[in-house]
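Peer 1: Have a look at this prediction, sequence included:
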There are 2 protein chains.
Amino acid sequence: MPTPLEKARKNPDSMKAKILSSARHLFGEYGYHGVTTRMIAKEVGIDISTLHYHWGDKENLYEAVITDIHDEIIGVMLDIEKIVHGKSVEVRLEVAIDVMCDYLFAKPEVPKLIVVSSFGKTRPDGIRDDRLAEHAPNVAIAMGLAPDKKGVSPADTAMVLAISNAMYSFTSGENTFKGILKVEHDEYVTIVKKTLKFILIPAFTQKVAHN
Amino acid sequence: MPTPLEKARKNPDSMKAKILSSARHLFGEYGYHGVTTRMIAKEVGIDISTLHYHWGDKENLYEAVITDIHDEIIGVMLDIEKIVHGKSVEVRLEVAIDVMCDYLFAKPEVPKLIVVSSFGKTRPDGIRDDRLAEHAPNVAIAMGLAPDKKGVSPADTAMVLAISNAMYSFTSGENTFKGILKVEHDEYVTIVKKTLKFILIPAFTQKVAHN
DNA sequence: AAAAAGATGCATCATATGATGGAAACAATT
DNA sequence: AATTGTTTCCATCATATGATGCATCTTTTT
């Protein structure tokens, strides 16, 4: 029996999928409490009762959104791990930064939702997804920071978190930071990738060489 | 004529100050829309009408909170700039990381509010403070990335943003990341500082040497 | 074509929320 | 003590919000 989320994915033109898409966008923009079911319904062009018919209550829809983006981003991570497998540290990092940044810039609601769900609280509590967290050690291994699950130290995981956070911050804060840097989108993307590589590659090669 | 914020600062035991303090804490935890005036009033132990008497409407109180933390953090930045003036790049960065992290760990609502106000939107718009943004180039100069205001490139500013973001992420996400790293507060602080220095110092010395 | 299942919107409800008027309590000034 | 100004809370309001019942329309199945 497919879940509502699976149904929505199966048919991207379905009402379920349209609602999910708008919900992603709006929750990413304004946060859980900043979005009303009416806002979502209005963006889709439907009545709120139709929204509730497809997704149940607001919390349930939000959970679906969180699950959706987590599945997606973990998919991207696995893709990257496949691509970089066997490559040098520099190449691994470079590819990881390029591919992940392209993805995050294309779907800015993803880093925004990850950031708020990691940093902030949602009042009625609940709603939390720890799969990204649990995945961090795997990334550490894939990046060559540690040989196996046993060998991943907190410091290694902290490195992975630092990289992830850097990408999330720059992509979700694009609008603010673009203004500070006084550049347009394309140049912003270039600068971000360059800066990330500039900062991370020296540290990483040093670290991996040390292992 | 002092503003309400100045009055609150002048007397930390005043009702204005107590409300501001609770508002800081709660807005940091749940975001603008996640906090009701009733929640704040309850935490202080007063009626909402007293809250409105002192601070006007919710948006006004939020603005005061944002202004308050921005003044505070810019103060810390200026302190750091004084301390590190004339020191080597390594020492400058080390001190900056230590002092700023200590401050942010002590007042976690500060990075939280900065992150959400940089990344997210608050629905009725308005409410924005760009002083931190405008201050970024000064930090670039203080850190030795550029000789003067004219010489600060977008890439330099991006470096400063990367450092700031890294500190904000690690401090505001402490609760989540502590769990991932499976460490307690004290060790978490140590790891964060170590990781930040490990990543940033090589990149920075390289960059400054290149100038 | 009829029947069944699915999807949609209108009207409506209960509660939450921001906000205010005005009375009462308190403090300062004369 | 009386007066004035400040602070606090109670009662209340208008609107926003999440949610649902039910009738209507649409699609699918028989």
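Peer 2: Looks like it came in fine.
Peer 1: need the strands for chain A, in chain order.
Peer 2: Counting by DSSP state E, no segments of chain A form strands.
Peer 1: For it, what lies in contact range of DNA strand C?
Peer 2: Residues of chain A lying close to DNA strand C by C-beta under 7 Å from any atom of the strand are A:15, A:45-50, A:53-54. From N, CA and C alone the C-beta is placed, and that goes for glycine too.
Peer 1: hmm, try it at 6 Å
Peer 2: Contact residues, chain A versus DNA strand C (C-beta under 6 Å from any atom of the strand): A:15, A:46-47, A:49-50, A:53.
Peer 1: Can you name the two of those that sit furthest apart?
Peer 2: A:Met15 and A:Ser49 (12.2 Å; C-beta to C-beta).
Peer 1: ok, the two, which is more surrounded?
Peer 2: Using other C-beta atoms under 10 Å in any protein chain shown as the criterion, A:Met15 and A:Ser49 rank with A:Met15 on top: 16 against 10.
Peer 1: just wondering, since we're on the nearest residue to that one once chain neighbours are set aside, how far is it from chain B?
Peer 2: Leaving out its chain neighbours, the residue that sits closest to A:Met15 by C-beta to C-beta, 6 or more residues apart in numbering or on different chains is A:His54, at 6.0 Å. According to C-beta to the nearest C-beta, to the nearest Å, A:His54 and chain B sit 24 Å apart.
Peer 1: for A:Arg24, same thing?
Peer 2: Computed as C-beta to the nearest C-beta, the A:Arg24 to chain B distance reads 14 Å.
Peer 1: Surely that residue is in contact with A:His70?
Peer 2: No: A:Arg24 lies out of contact with A:His70 (C-beta atoms under 8 Å); the separation is 11.9 Å.
Peer 1: model confidence over stretch A:148-162, on average?
Peer 2: Mean pLDDT, computed over stretch A:148-162, is 91.
Peer 1: in it, what's buried?
Peer 2: Within stretch A:148-162, the residues that count as buried by 16 or more other C-beta atoms under 10 Å in any protein chain shown are A:152, A:154-162.
Peer 1: Let me have those residues in a markdown table, adding distance to DNA strand D as columns.
Peer 2: Shown next, in a markdown table, are the buried residues of stretch A:148-162 (distance: C-beta to the nearest atom of the strand, whole Å):
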| residue | distance to DNA strand D |
| --- | --- |
| A:Val152 | 40 |
| A:Pro154 | 38 |
| A:Ala155 | 41 |
| A:Asp156 | 41 |
| A:Thr157 | 36 |
| A:Ala158 | 36 |
| A:Met159 | 39 |
| A:Val160 | 35 |
| A:Leu161 | 32 |
| A:Ala162 | 35 |
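Peer 1: How far does stretch A:180-191 stretch from one end to the other?
Peer 2: Terminal residues of stretch A:180-191 lie 13 Å apart, using C-alpha to C-alpha, to the nearest Å.
Peer 1: Give the buried residues for that stretch.
Peer 2: For stretch A:180-191, a neighbour-count test (16+ other C-beta under 10 Å) marks A:180-181, A:183, A:188-189, A:191 as buried.
Peer 1: A:Arg24 and A:His70: which is more packed in?
Peer 2: Set side by side, A:Arg24 and A:His70 show unequal neighbour counts under other C-beta under 10 Å, the larger going to A:Arg24 at 24 against 19.
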